[in-house]
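Undergrad: Mind looking at a prediction? Sequence and model below.
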Amino acid sequence: MPRSLVVPRNPRARVNSAKWRHCAAGRLPAESLSQRDRDDLVRALHSRGWTDAQIADHCRMSLYTAGRILDRLELTPNANGGA
């Protein structure tokens with residue numbers, strides 16, 4: 001990852017921002033996060049232009065799960081990877 005992701009500023013308290021940063025860096029699987037935090041991570045990676053497959057690999061989840069999260073967030077797949 002070229003730049004590290006920062007914890008999104010959010011009025012709702014994050015369950016564990018250190019854990020979120022570890023997941024954003026690819027050191028922990030995203031399943032260790034709450035659903036909201038996992039959604040924030042997938043949204044952040046998608047906004048950088050990452051494909052579903054890149055997101056799934058980085059977050060250590062199946063392609064199906066990554067796609068399901070993107071569908072729930074109403075995000076369309078990116079055609080080219082930005083990572």
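TA: Structure's in. What do you need?
Undergrad: what's the single longest helix in the protein?
TA: Ranked by number of residues, the top helix in the chain under DSSP state H is helix 35-47.
Undergrad: Where does the prediction get shaky in this structure?
TA: Across the chain, the ranges flagged by pLDDT under 70 are 1-15, 80-83.
Undergrad: quick one: the closest residue to residue 33 other than its chain neighbours from residue 76, how far?
TA: Nearest non-adjacent residue to residue 33, counting by C-beta to C-beta, 6 or more residues apart in numbering: residue 23, 5.7 Å away. Just so you know, the C-beta spots here come from the backbone N, C-alpha and C atoms, and that holds for glycine as well. Using C-beta to C-beta, to the nearest Å, one gets 23 Å for the distance from residue 23 to residue 76.
Undergrad: mind listing the strands for this protein?
TA: Here the chain has no strands by DSSP state E.
Undergrad: picking up where we left off before, next, the buried residues of the longest helix of the chain.
TA: Across helix 35-47, burial judged by 16 or more other C-beta atoms under 10 Å covers 37, 38, 39, 40, 41, 42, 44, 45, 46.
Undergrad: The first one is in contact with residue 18, isn't it?
TA: No. At 11.5 Å, residue 37 does not count as touching residue 18 under the criterion of C-beta atoms under 8 Å.
Undergrad: so how far is residue 19 from the closest residue to residue 72 other than its chain neighbours?
TA: Residue nearest to residue 72 in three dimensions, not counting chain neighbours: residue 39, with 7.4 Å by C-beta to C-beta, 6+ apart. Relative to residue 19, residue 39 is positioned 15 Å away (C-beta to C-beta).
Undergrad: Nice, that's everything, thank you.
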